[in-house]
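Undergrad: Provided below are the primary sequence and the corresponding predicted coordinates.
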Amino acid sequence: MAKVIIHATITLDGFMADTKGSIDWMFDFGATDKTVIENFTQDIGAVIGGANKTQTIEEGETPYSDTLKFPVYLMTHEAHEPIEKDGRIYTFVVNDIKQAVDAAKAAAGDKNVSLLGGTIARQCLKLGLVDEIQLHVLPMLLGDGISLFAGLGERVNLERIEAVTTTNITDLRFRVVK
């Protein structure tokens, strides 16, 4: 059965983007351990992310690698027909994160569902839908920006599964205690 995983790169002060939503700063540190990323991506069966007027598709943003062809579920406030691009199906789900998780889990089969974005991560945590959190922590402080967990408004207990440290990045993996 598919696990639902929050997957994000953050700064030490917990930001996943700067105040303008840019993530360009994260590329200053080089890649995380390729084995960690390869192990994670080979187990992805579906992705859930946010849709900003289909920006993900129209502006060429693709979750993970173009070579991975898992389905992508995009949360939106307006109905939109599915879009197929480069062998990937983008399905739009209107205002129902649980429906998106259920559909993504069904599509993923025995693989994982990766949650991308703070709003989606927090919604799924509040509903008890998250099984694990995997973070790549960069050694920098942005000082301000878009936080992955700010606004969660409730306690969530975690159990550390793994911690891998390289020169530039610390990879952390936690199980959500339910």
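TA: Perfect, I can see it now.
Undergrad: Does G49 touch F70 like I think?
TA: No: using CB atoms under 8 Å, G49 makes no contact with F70, being 11.8 Å away. Using the backbone N, CA and C atoms, a C-beta is placed for each residue, glycine as well.
Undergrad: show me what contacts G109?
TA: 2, 45 (CB atoms under 8 Å, 6 or more residues apart in numbering).
Undergrad: And it, how close does it get to G14?
TA: 33 Å (CB to CB, to the nearest Å).
Undergrad: Likewise for I97?
TA: Noted for I97: a distance of 22 Å to G14, by CB to CB.
Undergrad: Likewise for C124?
TA: From C124 to G14 the distance is 18 Å (CB to CB).
Undergrad: Those two: which has the busier surroundings?
TA: C124 (23 against 18; other CB atoms under 10 Å).
Undergrad: hang on, that one in a helix?
TA: Yes: according to DSSP: H, G, I helix; E, B strand; the rest coil, C124 belongs to a helix.
Undergrad: Return the residues in contact with it.
TA: Here C124 is in contact with 4, 6, 97, 101, 115, 130 (criterion: CB under 8 Å, 6+ apart).
Undergrad: again, only this time at 6 Å
TA: By CB atoms under 6 Å, 6 or more residues apart in numbering, the contact list for C124 reads 115, 130.
Undergrad: try K3
TA: For K3, the contacting residues are 112, 131-132, by CB under 6 Å, 6+ apart.
Undergrad: If you rank these by neighbours, which is first?
TA: Sorting the contacts of K3 by how many neighbours each has (other CB under 10 Å) puts N112 first, at 25 neighbours.
Undergrad: Who does it form a beta bridge with?
TA: N112 has these beta-bridge partners by DSSP bridges: I44.
Undergrad: I'd assumed T41 was in contact with it.
TA: No: assessed by CB atoms under 6 Å, N112 is found out of contact with T41, at 9.7 Å.
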